[in-house]
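Student: what's the 3D shape of this:
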Amino acid sequence: MSAPQDGAKPPARLFTPDFLTELFQNPLDPGYADAAARRREAPAAAGWRGASARAVAIVVVVAVGFLFAVAYRETMADEPSRSQARAALIAQIKQREAETDEMTARAGRLREEVGRQRDAALSGSQAARLRNLEAGTGLGRVRGDGVVVRLADAPVQNDGAVTGDSGAGPSRVIYSDLQKVANDLWAAGAEAIAINGQRLTATSTIRSAGAAILVDFRPVTSPYEVSAIGPRSLRDRFDDSRSAYLMRRVARDTGLSFEVRRADDLTLPAAPEPRLRYARPSVSPNPSPAGSGAVRPSGTGSSGPGSSSSPSGGVR
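Tutor: Take a look at the predicted model:
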């Protein structure tokens, strides 16, 4: 290498910036600067876009408010018709219930009249036997001492909620509660049972239809009183039953009411006449007298021993 001559300037050193140095010197992308410059150059266009966006928002809010107003008006316009329809249905239900109660009372009076006529036609021992059978099957009114089991839904607060811990079960009486109580009363020695005046028989049903409880297809409402006639030990034996223990625990946890008390001189009404259906044996085909194996159908027009006017298979 040759030494530099006197008075000559040394060559300038050139530095190539690397990526990190450029990143720290210019942290923002150049596109941001270009966008800011464009906004400064055209402020009127940006203001127009902002104004148009606000106008669109106002139009949308007005349209939504108008739709809500129309919907509210239509709802309120239909409310009187719905209220009238509901009131008409309630009045119709009450009218049907009153007619049913009247017909039930009339049927009871006619049944008593039939019983008096029957007792007058029969001897004393036969009439007494029939009365005992009616009392045992639920078709006759009975009187005697027994117990009354009272169940009621939990009280409702002002806000519509029911008291008690709903985690332990529903805070209202359900149909299975009445089933358990009635079954344990039978097991404790009850001779006759009625739920809110509905006498139970061998064909009675206790079931639910939505939130309603039906006893023999007739609705019963809270409070529910299960009246039972039986021996003096009926209450003590029922208190030791599983249903009594379960209902006391449910009453303690949910707030519904459960009470068992003795009652003197209870009167339980008779149950309605059941609609019984009878099965008839089927009629076997008659063999041919000639022994040829031909079968003569039995029916209308046949004659001779073994013929029947009913179709083969019987009538239920």
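Student: helices of this protein, residue ranges please.
Tutor: According to DSSP state H, the chain carries its helices in the segments 19-25, 30-41, 43-121, 124-137, 175-187, 234-239, 242-254.
Student: pretty sure Ile193 contacts Trp186?
Tutor: Yes - with contacts counted by C-beta atoms under 8 Å, Ile193 reaches Trp186, the gap being 7.0 Å. Every C-beta, even on glycine, is put in place using the N, C-alpha and C of the backbone.
Student: show me which of those two is the more surrounded one.
Tutor: Ile193 (24 against 14; other C-beta atoms under 10 Å).
Student: could I get the contacting residues of that one?
Tutor: Neighbouring residues of Ile193 by C-beta atoms under 8 Å, 6 or more residues apart in numbering: Ala182, Leu185, Trp186, Arg199, Leu200, Val226, Ser227, Ala228, Ile229, Leu268.
Student: hmm, 10 Å instead?
Tutor: 138, 146, 149, 181-183, 185-186, 199-201, 204, 226-230, 268 (C-beta atoms under 10 Å, 6 or more residues apart in numbering).
Student: report the buried members of these.
Tutor: The neighbour count (16 or more other C-beta atoms under 10 Å) marks 138, 146, 149, 181-182, 185, 199-201, 204, 226-230, 268 as buried among those.
Student: and the pLDDT for Ala57?
Tutor: On pLDDT, Ala57 comes in at 87.
Student: tell me the contacts of it?
Tutor: Counting by C-beta under 10 Å, 6+ apart, Ala57 has no contacts.
Student: just to revisit the earlier point, closest one to Leu130 out of the buried ones among the contacts of Ile193, please.
Tutor: Gly138 (14.0 Å; C-beta to C-beta).
Student: ok, the residue lying closest to that closest one once chain neighbours are set aside - contacts?
Tutor: Excluding its sequence neighbours, the residue lying closest to Gly138 (C-beta to C-beta, 6 or more residues apart in numbering) is Thr201, at 3.7 Å. Listed by C-beta under 10 Å, 6+ apart, the contact partners of Thr201 are Gly136, Thr137, Gly138, Leu139, Ala192, Ile193, Asp216, Ala270, Ala271, Pro272, Pro274.
Student: among those, which pair sits farthest apart?
Tutor: Gly136 and Asp216 (17.9 Å).
Student: and those two? which has more neighbours close in?
Tutor: Of the pair Gly136 and Asp216, Asp216 is the one with more neighbours under other C-beta under 10 Å, namely 18 against 14.
Student: excluding chain neighbours, what is closest to that one?
Tutor: When the adjacent residues along the chain are set aside, Asp216 lies closest to Ser204, with 5.3 Å between them (C-beta to C-beta, 6+ apart).
Student: quick check: that neighbour touching Ala192?
Tutor: No - the pair Ser204 / Ala192 is not scored as a contact, 11.8 Å apart, by C-beta atoms under 10 Å.
Student: pull up the overlap in contacts between the two.
Tutor: Gly138, Ala271.
Student: follow-up on the earlier one: for the residue nearest to Asp216, phi and psi?
Tutor: phi -70, psi 150 (degrees, to the nearest 10).
Student: quick one, what contacts it?
Tutor: By C-beta under 10 Å, 6+ apart, the neighbours of Ser204 are Gly138, Ala182, Ile193, Ala194, Ile195, Gln198, Val215, Asp216, Phe217, Ala271, Pro274.
Student: distance to Tyr32 and pLDDT added to the residues you listed, as JSON lines?
Tutor: What follows is the contacts of Ser204, written out as JSON lines (distance: C-beta to C-beta, whole Å; pLDDT from 0 to 100):
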{"residue": "Gly138", "distance to Tyr32": "93", "pLDDT": "86"}
{"residue": "Ala182", "distance to Tyr32": "83", "pLDDT": "96"}
{"residue": "Ile193", "distance to Tyr32": "88", "pLDDT": "96"}
{"residue": "Ala194", "distance to Tyr32": "88", "pLDDT": "96"}
{"residue": "Ile195", "distance to Tyr32": "82", "pLDDT": "96"}
{"residue": "Gln198", "distance to Tyr32": "84", "pLDDT": "92"}
{"residue": "Val215", "distance to Tyr32": "81", "pLDDT": "93"}
{"residue": "Asp216", "distance to Tyr32": "83", "pLDDT": "89"}
{"residue": "Phe217", "distance to Tyr32": "80", "pLDDT": "87"}
{"residue": "Ala271", "distance to Tyr32": "91", "pLDDT": "87"}
{"residue": "Pro274", "distance to Tyr32": "91", "pLDDT": "75"}
